[in-house]
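Trainee: got a predicted model here, sequence first, then my questions.
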Amino acid sequence: MSHRIAAKITGVAGYVPPKVLTNAELETMVATSDEWIRTRTGIRERHIAASDVASSHLAVEAAKALLAKTKTDPADIEMIVLASVTPDMMFPATACLVQDRIGAKKAWGFDLSAACSGFAYALTVGAQFVGSGAHKKVMVIGSDKMSSILDYTDRATCILFGDGAGAVLLEPAADGEGILDFEHDVDGSGGQYLYQPGGGSLNPATAETVAKKMHVVHQEGSQVFKYAARRMAEMATRLLERNGFTKDDLALLVPHQANLRIIRAAQERLGVDDTKVLVNIDRYANTTAGTIPLGLCDAVAQGRFGRMTLGETTCKWWRSQQYYDEGGWKGTQALDGGGALMNGDVDFVQFGFANPQLNQSFTGTFTLNGSGTGGGTAGNSFTLNTTNSSPSTANFRAYAISNTSFVIVGLNTGRVVLGPLVQQQ
């Protein structure tokens with residue numbers, strides 16, 4: 001049995017830029033198809049940051065959301081560990097830029113470059129500083145703007161990646177809780193199969209390196225696939241066994257989202273069913289250091305962790321019974337537990353709404369019977385109109401409303417949610 005690290009995750013938040021790049025749009029850019037991408041990777045779409053948005057901006061949005069969710073004063077953050085292979089620049093560290101922009105004046109920090117392992121490595125590092133007693137509040141961020149290092153004429157790589165960021169807060173854990181253990185692995189001999197050859201001291205930027213496309217991702221997909229599928233399952237099994245657990249004790253696996261086939265292969269080796277595996281690669285693609293914290297965000301929002309304590313605050317998570325998705329209204333979702341949404345239980349959540357890919361137009365005017373922030377007040381109504389030919393780029397908020405408890409949410413995926421809310425236990 002390993003020794004528990006006296007640190008725990010007390011909050012998680014994520015951010016993806018509003019622009020969505022669908023497989024259908026990629027069909028117009030490179031020799032590929034929606035069917036080819038979906039069957040080989042599981043990806044339907046990915047989020048792409050604007051040209052003037054860098055990894056630091058994505059990280060700042062995730063960090064601010066985390067501070068708000070956990071009601072943490074930025075001045076209380078003592079350390080920031082930021083994982084990224086797409087830093088704004090070689091120096092200063094992106095962590096330093098984030099520290100300044102969120103007002104964490106007492107924090108020190110640094111970047112960690114480990115590609116798709118980046119967030120897991122950064123989490124382990126941050127946990128050591130909390131577990132040792134050196135710090136009480138450490139922010140760990142994974143943020144990558146992968147679109148900045150992709151060749152959009154290379155279908156082997158450009159279809160796989162998206163942009164995004166996620167952040168967690170680490171705080172001291174009491175007896176019987178916290179991070180149990182960690183397991184990492186490096187095989188440097190595989191560096192030739194996934195790399196970016198240009199931009200470092202070996203091949204500094206020149207006109208020649210740019211012309212040779214040395215500043216973009218190069219990958220030998222079959223080699224990466226075989227190694228990842230095998231080692232992910234082996235390491236997860238070893239970690240469970242070392243701590244006296246079996247796969248039956250596993251509540252949820254939140255894997256790196258590189259390829260759905262890699263995830264399913266590892267899942268099969270582990271012997272766990274779909275209910276115990278978080279998958280969101282269809283909506284985000286591979287955001288590199290952002291995949292795991294974004295997965296944690298989705299897991300919490302879907303109630304797959306149940307009730308989650310964030311510092312001193314116990315948060316309740318909600319979802320609607322009905323939703324509008326591609327093709328029209330869907331039926332009532334399977335729900336665990338019940339109970340009406342009471343006024344004041346949730347303040348608000350905000351999502352971006354851009355470039356929806358709906359199969360039909362949908363127009364509606366809705367009246368809110370409660371109060372909200374930034375776009376609606378009690379009794380106000382507004383019109384939502386989306387069509388294939390003229391997608392809306394407006395932002396909408398979801399409100400906690402008493403009595404009728406209606407909510408409208410504009411999601412980056414083009415999903416529109418409408419209906420009474422019930423508590424997700």
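Mentor: Cool, got the structure. Quick caveat: nothing in here was measured; it's all calculated off a predicted structure.
Trainee: hey, where'd the helices end up in the stretch 151-300 of the chain?
Mentor: With DSSP state H, counting those that start in this stretch as the criterion, the stretch 151-300 of the chain has helices at 155-158, 207-211, 221-242, 260-270, 281-284, 291-301.
Trainee: can I take it that residue 144 is in a strand?
Mentor: Yes - secondary structure of residue 144 (DSSP: H, G, I helix; E, B strand; the rest coil): part of a strand.
Trainee: can you tell me how far it sits from residue 180?
Mentor: As judged by C-beta to C-beta, to the nearest Å, residue 144 and residue 180 stand 27 Å apart. C-beta coordinates here come from the backbone N, C-alpha and C atoms, glycine included.
Trainee: sorry, back to before: and residue 170, which of the helices of the stretch 151-300 of the chain is closest to it?
Mentor: Closest approach to residue 170 among the helices of the stretch 151-300 of the chain (C-beta to C-beta): helix 291-301, 12.1 Å.
Trainee: nearest spatial neighbour of residue 170, skipping sequence neighbours?
Mentor: residue 138 (4.4 Å; C-beta to C-beta, 6 or more residues apart in numbering).
Trainee: what's the average pLDDT for stretch 11-28?
Mentor: Model confidence over stretch 11-28, given as mean pLDDT, is 96.
Trainee: list the buried residues for it?
Mentor: For stretch 11-28, a neighbour-count test (16 or more other C-beta atoms under 10 Å) marks 11-23, 26 as buried.
Trainee: quick one: end-to-end length of it, please.
Mentor: Stretch 11-28 has its terminal residues 40 Å apart, counting by C-alpha to C-alpha, to the nearest Å.
Trainee: same question, stretch 197-208
Mentor: End-to-end distance for stretch 197-208: 13 Å, by C-alpha to C-alpha.
Trainee: buried residues, stretch 130-145. List them.
Mentor: 130-131, 135, 137-145.
Trainee: sorry, slip of the keys, the one I care about is stretch 282-299.
Mentor: For stretch 282-299, the buried set under the neighbour-count rule, 16+ other C-beta under 10 Å, comprises 282-299.
Trainee: please compute how far that stretch lies from its chain's middle.
Mentor: The gap between where stretch 282-299 is centred and where its chain is centred comes out at 3 Å by C-alpha atoms, centre = their mean, to the nearest Å.
Trainee: how about the secondary structure of the nearest residue to residue 171 once chain neighbours are set aside?
Mentor: Closest residue in space to residue 171, ignoring its immediate chain neighbours: residue 10 at 4.7 Å, by C-beta to C-beta, 6+ apart. Here residue 10 is recorded as strand under three-state DSSP.
Trainee: now residue 60
Mentor: Note that with three-state DSSP, the state of residue 60 is helix.
Trainee: so the residue lying closest to it once chain neighbours are set aside is in which element?
Mentor: Of all residues not flanking residue 60 in the chain, residue 101 sits nearest, at 4.8 Å (C-beta to C-beta, 6+ apart). If you go by DSSP states H and E, residue 101 is part of helix 94-102.
Trainee: where does the stretch 201-350 of the chain have low pLDDT?
Mentor: Within the stretch 201-350 of the chain, the segments meeting pLDDT under 70 span 305-350.
Trainee: ok so, going back, would you turn the helices of the stretch 151-300 of the chain into TSV with distance to residue 63?
Mentor: Output for the helices of the stretch 151-300 of the chain, formatted as TSV (distance: least, C-beta to C-beta, whole Å):
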stretch	distance to residue 63
helix 155-158	28
helix 207-211	32
helix 221-242	28
helix 260-270	27
helix 281-284	18
helix 291-301	11
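Trainee: which of these is buried the deepest?
Mentor: helix 291-301 (a mean of 24; mean count of other C-beta atoms under 10 Å).
Trainee: send the alpha carbons of it over as CSV?
Mentor: The C-alpha coordinates for helix 291-301 follow below in CSV (Å, rounded to 0.1, in the frame of the first residue of the first chain):
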residue,chain,number,x,y,z
THR,A,291,-7.9,17.1,-21.8
ILE,A,292,-7.9,15.8,-18.2
PRO,A,293,-9.1,18.9,-16.4
LEU,A,294,-11.7,19.4,-19.1
GLY,A,295,-12.7,15.8,-18.5
LEU,A,296,-13.0,16.4,-14.8
CYS,A,297,-15.2,19.4,-15.5
ASP,A,298,-17.5,17.3,-17.6
ALA,A,299,-17.6,14.5,-15.0
VAL,A,300,-18.6,16.9,-12.3
ALA,A,301,-21.2,18.6,-14.4
